[in-house]
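Q: let's see this in three dimensions:
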Amino acid sequence: MNVFFEESGDFKVGTVLSQAGESYQVEMASGKRNKVKTKDVLLQFEKPGPAELLEQAKAVAAEIDLDFLWEVAGEEEFGFAELGAEYFGHAPLAHEAAGLILSLHSSPIYFYKKGRGRYKAAPEQSLKAALAGIEKKKQQAIIQQQYVDELKQNQLPASMQNIVQQLLFKPDKNTIEYKALEAACDELHTTPPRLMLAAGGIASPKELHMAKFLFENFPKGHGFPELAVPQAPANLPLAAVEAFSIDDVTTTEIDDAFSVVHLDGGKVRVGIHIAAPGLGIRPDDAIDKIARGRMSTVYMPGDKITMLPDSIVDAFTLAEGKTCPALSLYATLDPADWSVIATETRAELVPIANNLRHNDLDDVVNEESLADGSGEYPRKAELTLLWAWAQQLEQGRMVKREAFGLKPEQNNRVDFNFYVEDDVVTISRRKRGAPLDKIVAELMIFANSTWGKMMHDHGVPGIYRSQGQGVGGWAAKMQVRMLTHAAPHQGLGVDQYAWSTSPLRRYTDLVNQWQILACAEHGVTAPLVAPFKHKDANLFAIVSAFDAAYAAYADFQSNMERYWCLRWLGQEDAKEVDAVVLKDEVLRLVEIPLVIRLPGMPQLARGIQVKLDVLRWDEVDLGIETRLGEVPVTQAASEDVGFEDEDLVDEANDPAQVEEAVAEATDPAQADIAAADPASENGQTAPAGQ
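A: Next comes the predicted model:
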């Protein structure tokens, strides 16, 4: 006797060797013997043989009309033998019954299983819905394959054209578009970004990086709505000065300017004039909400996304030939020893006589020309005096810095300026600490420190940057923190430091400007009228949001600078380049600020200059492959690499971060020094410097 039985959801046949109680000893076609319970046996038969019956049953199952079978089944639960008699018109033969069981079992949308050999027909509505779903999946599979075929031919399907960014950066993995993209990538052995570039979904690697940043940080777009331009108070006094700014030629958000007035008795009054959008923009108004949503201007080589609309920037930027609302800090100095006799802060209108540009003056204004008085250039007398004071300010900071237990700052670092025109990049070297840079940086540090103390003395909270040996894990690594109360910035060598000098481009500076204006106008009652009070949850939220946004913007700027460095290699057809050893396997090219890792490089002293063979690079993942070429026999350290600490943060595995990590980990205060000298808006290598 042979049996047809169910085992673990599968149907099998075999020959009965013996029976003992409620089970059979069954021999399978393979020769294997199984113990089968009688309750699992659905059919007993003599002929045909087990293997032949199974083949015949499969043939019967393939020919069964499921729609007709469903109609025959009715609405009540049934056994397979009963349905077989109705369907076949006679008591089913063994192979027919087995075929019927196979068909019922493999059609769960038509028949619900109710027990061993027992089923019930699905309700009509459920069956129709299930069949519609199957048909839909079939059609989707056809469409999906069409998409795959198009993508493999580097053609972008029409349905994907409006969702390219979503597919790349935040895909719904259940859509046929994503499944098609994934399948095409698998077949072509590529990645979604590369396939989108090949198919025209993204125009270029540059657009890819830009699109990803905008998708994540500006999901509603980076344009501005139409807004009325706020006006500064009409009763502001007019300053009796001729102010001038010092910026890069590309700068449009001119935040700071200076003036020099000689007083009786040989004293000098230096004015530090900061653009004052805080006189027109008010907390929680429409413009403030936009600025707070952005937190900062975003810089990249050749472009930027401003924190404020152009119309508002134009209204408050310290443009040449205009009389601009400004928050002025006046310092009365004694040039005999450059001591600060008094300071005064006031809101006023300031005439801007000149917008001086680094690009015009860097070649003629240097330490030698300032020392011997050679050369002719605008504001020569004022710049000479400010240079002398800036050096004294720096010396004072170094004394304080050393009192904090730190080494003096290194001034032999090199910055790089990026200029992009018609997709062609120019990268120029610029040594940090040049006179014009130092004048701006030192006077901005002086203003940020003085105004930070002013807020503290008046009992008004602000947003401070602090670095020091305090309590907590952050202090051990001398990281810079943002706080809402005054605390030392040991790296800069000041007792407190509040970003206040770039209110057109940083939201923290705008917030601090409101607080400073309250101090200047209301004096001891400032804590009562200042927009932000002590332990204000809003102020803490601003600090947290600014940290997150600023870090994201800095990462993006680093990515774009790295992208343009790779483009520069292509422009110059660079096959061999000079590089300087930063640490272990990390090097930086001499002509451009491209930092790379070279695994397996022999250990060389920091600062050694070597030659590298450029093998290949990738503008999509921003990677580069090089090979160590020539190592000089006489190894002398390069003059443009300065490091203070041996404890570098090594993030060279992340090409977008390695440059910033190496630069700032050596001395975290360098970011704030750069921030005090926003020399360029075209994408310098220190994002904090913007």
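Q: now do the biggest strand by length in the chain, average pLDDT.
A: Longest strand in the chain, counting residues (DSSP state E): strand 339-357. What strand 339-357 shows for mean pLDDT is 95.
Q: the closest residue to Phe416 other than its chain neighbours: what secondary structure?
A: Spatial nearest neighbour of Phe416, chain neighbours left out: Pro593 (4.5 Å); criterion: CB to CB, 6 or more residues apart in numbering. (Glycine included, C-beta is placed from N, CA and C.) At Pro593 the chain is in coil, as set by DSSP: H, G, I helix; E, B strand; the rest coil.
Q: pull out the buried residues from the longest strand of the chain.
A: In terms of neighbour count (16 or more other CB atoms under 10 Å), strand 339-357 has its buried residues at 340, 343, 345, 347-357.
Q: how about the helices in the stretch 451-600 of the chain?
A: Here the stretch 451-600 of the chain has its helices, by DSSP state H, counting those that start in this stretch, at 473-476, 507-522, 526-529, 537-571.
Q: no no, the stretch 301-450 of the chain
A: Per DSSP H, counting those that start in this stretch, the stretch 301-450 of the chain carries helices over the ranges 310-316, 358-361, 367-372, 380-403, 435-457.
Q: give me whichever of those is most buried.
A: Highest mean neighbour count of these: helix 435-457, a mean of 23 (counted as mean count of other CB atoms under 10 Å).
Q: dump that helix to PDB, keeping only the CA atoms.
A: C-alpha atoms of helix 435-457 as PDB (Å, rounded to 0.1, in the frame of the first residue of the first chain):
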ATOM      1  CA  PRO A 435      49.200  92.700   8.700                       C
ATOM      2  CA  LEU A 436      45.800  93.400   7.300                       C
ATOM      3  CA  ASP A 437      44.500  90.000   8.600                       C
ATOM      4  CA  LYS A 438      46.000  90.700  12.000                       C
ATOM      5  CA  ILE A 439      44.600  94.200  12.300                       C
ATOM      6  CA  VAL A 440      41.100  92.800  11.600                       C
ATOM      7  CA  ALA A 441      41.500  89.700  13.800                       C
ATOM      8  CA  GLU A 442      42.900  91.500  16.800                       C
ATOM      9  CA  LEU A 443      40.400  94.400  16.800                       C
ATOM     10  CA  MET A 444      37.500  91.900  16.400                       C
ATOM     11  CA  ILE A 445      38.900  89.800  19.300                       C
ATOM     12  CA  PHE A 446      39.200  93.000  21.300                       C
ATOM     13  CA  ALA A 447      35.600  93.900  20.500                       C
ATOM     14  CA  ASN A 448      34.200  90.400  21.200                       C
ATOM     15  CA  SER A 449      36.000  90.300  24.500                       C
ATOM     16  CA  THR A 450      35.100  93.800  25.600                       C
ATOM     17  CA  TRP A 451      31.400  93.400  24.700                       C
ATOM     18  CA  GLY A 452      31.400  90.000  26.400                       C
ATOM     19  CA  LYS A 453      32.600  91.600  29.600                       C
ATOM     20  CA  MET A 454      30.100  94.400  29.200                       C
ATOM     21  CA  MET A 455      27.200  91.900  29.100                       C
ATOM     22  CA  HIS A 456      28.600  90.100  32.100                       C
ATOM     23  CA  ASP A 457      29.100  93.300  34.100                       C
END
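Q: helices or strands up against it?
A: With contacts defined as 3 or more CB pairs under 8 Å, 6 or more residues apart in numbering; DSSP states H and E, helix 435-457 has these neighbours: strand 243-247, strand 256-262, strand 268-275, strand 323-334, strand 339-357, helix 380-403, helix 507-522, helix 669-675.
Q: if we can go back for a sec, closest one of the buried residues of strand 339-357 to Met210?
A: Arg357 (27.6 Å; CB to CB).
Q: excluding chain neighbours, what is closest to the closest one?
A: Val249 (4.7 Å).
Q: what about the one you found, neighbour count?
A: 14 (other CB atoms under 10 Å).
Q: any weak-confidence spans in this protein?
A: The chain contains residues with pLDDT under 70 at 411-412, 469-478, 632-690.
Q: sorry, back to before: export the helices of the stretch 301-450 of the chain as JSON lines, with columns for distance to Ser103.
A: Below are the helices of the stretch 301-450 of the chain laid out as JSON lines (distance: least, CB to CB, whole Å):
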{"stretch": "helix 310-316", "distance to Ser103": "72"}
{"stretch": "helix 358-361", "distance to Ser103": "84"}
{"stretch": "helix 367-372", "distance to Ser103": "95"}
{"stretch": "helix 380-403", "distance to Ser103": "86"}
{"stretch": "helix 435-457", "distance to Ser103": "82"}
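Q: right, and those helices - which one's nearest His273?
A: Taking CB to CB, helix 435-457 is the member of the helices of the stretch 301-450 of the chain nearest to His273, at 9.7 Å.
Q: bridging residues for Asn34?
A: Val26 (DSSP bridges).
Q: any idea which element Tyr178 lies in?
A: helix 176-188 (DSSP states H and E).
Q: got the CA coordinates for that helix in CSV?
A: What follows is helix 176-188, C-alpha atoms only, in CSV (Å, rounded to 0.1, in the frame of the first residue of the first chain):
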residue,chain,number,x,y,z
ILE,A,176,9.0,50.5,-7.8
GLU,A,177,11.2,53.5,-8.7
TYR,A,178,13.7,52.7,-5.8
LYS,A,179,13.5,49.0,-6.5
ALA,A,180,14.3,49.6,-10.1
LEU,A,181,17.2,51.9,-9.3
GLU,A,182,18.6,49.4,-6.8
ALA,A,183,18.2,46.5,-9.3
ALA,A,184,19.9,48.5,-12.1
CYS,A,185,22.8,49.4,-9.8
ASP,A,186,23.2,45.8,-8.8
GLU,A,187,23.3,44.7,-12.4
LEU,A,188,25.7,47.5,-13.4
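Q: buried residues in the helix or strand just after that helix, which are they?
A: Using DSSP H and E, the next helix or strand after helix 176-188 towards the C-terminus is helix 192-199. Of all the residues in helix 192-199, those buried under the rule 16+ other CB under 10 Å are Pro192, Pro193, Arg194, Leu195, Met196, Leu197, Ala198, Ala199.
Q: just checking, what packs against helix 192-199?
A: Helix 192-199 is packed against helix 164-169, helix 176-188, helix 205-217, with contacts defined by 3+ CB pairs under 8 Å, 6+ apart.
Q: mind checking which of these is nearest Ala59?
A: Going by CB to CB, the one of the helices and strands packed on helix 192-199 nearest Ala59 is helix 176-188, 34.5 Å.
Q: stretch 293-311: how far from the chain's middle?
A: Offset of stretch 293-311 from its chain centre (CA atoms, centre = their mean, to the nearest Å): 15 Å.
Q: any buried residues in it, and which?
A: 294-302, 304-309.
Q: got it, and stretch 533-542?
A: Leu539, Ile542.
Q: quick one: contacts of that stretch?
A: Contact with stretch 533-542 is made by Arg292, Gly459, Pro461, Ile463, Thr484, Tyr507, Thr508, Val511, Pro527, Phe532, as judged by CB atoms under 8 Å, 6 or more residues apart in numbering.
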